[in-house]
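Student: Following is a predicted model, sequence given first.
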Amino acid sequence: MTRSTSPIIREATVADLPTLLDFEQALIAYERPFAPNLRKDKISYYDLSAYIKAEDIRVVVAGIAGELVGSGYALIKENKAYKAPQYYVYLGFMLDGYDVRPVYYIVKKVREDDFWRDNFFSIHKLRDKNKNGIKYIDYFAEKFGKNIF
């Protein structure tokens, strides 16, 4: 029996915390060279356990073939007094521990490249490694997106 390659999206549970924390630490590790003001000890951007348990926050995970590959959250925030509506939703996302905004930028740049336009067919390529053992997301970030993470 083969696993489905159809993506799934579901609400995160406390059982997903180890993977979510790995995503977060991968994001922090990737950003450290570009953010010298981050403390050197282990840090955390989010209280993911509290986010999962909160009534006004929704954390979701995305998976393919039984493996979690991304996550996101929606956080209800109160707007400034002079803005409407009174509340809005802040969205945050990660793909394999990378913030989605730079990933989107990388994909855009890769698809504009003369060579890669015809050789890059899926975002899943970013998870693969090239012949030198470097993940394509890291390779493309270096090639097309200096200082985007």
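Tutor: Great, that's in hand. Residues are numbered from 1 along each chain as shown.
Student: Distance check, residue 22 against residue 116.
Tutor: Counting by C-beta to C-beta, to the nearest Å, the separation of residue 22 from residue 116 is 28 Å. Backbone N, C-alpha and C define where each C-beta goes, glycine included.
Student: quick one, which of the two is more surrounded?
Tutor: Each of residue 22 and residue 116 has its neighbours counted (other C-beta atoms under 10 Å); residue 116 has more, 17 against 13.
Student: following the longest strand anywhere in the chain, which helix or strand shows up next?
Tutor: Assignment by DSSP state E gives strand 67-78 as the longest strand of the chain. Per DSSP states H and E, the first helix or strand lying C-terminal to strand 67-78 is strand 87-95.
Student: Give the pairing partners of that following strand; include direction for each.
Tutor: If you go by DSSP bridges, strand 87-95 pairs up with strand 67-78 (antiparallel), strand 98-99 (antiparallel).
Student: mean confidence for the shortest one?
Tutor: The average pLDDT within strand 98-99 is 76.
Student: ok, residue 126 - contacts?
Tutor: Contacts for residue 126 (C-beta atoms under 8 Å, 6 or more residues apart in numbering) come out as 95-96, 103, 106-107, 135-137, 140.
Student: three-state assignment of it?
Tutor: helix (DSSP: H, G, I helix; E, B strand; the rest coil).
Student: Distance of it relative to residue 102?
Tutor: 11 Å.
Student: Please parse the protein into its domains.
Tutor: What automatic domain parsing lists as the domains of the chain is 1-96, 100-149.
Student: Make sure residue 15 is indeed in a helix.
Tutor: Yes. Secondary structure of residue 15 (three-state DSSP): part of a helix.
Student: what's the neighbour count on it?
Tutor: Residue 15 has 8 nearby residues by other C-beta under 10 Å.
Student: can you check residue 54 too?
Tutor: 14.
Student: Over to residue 73?
Tutor: Residues near residue 73, counting by other C-beta under 10 Å: 21.
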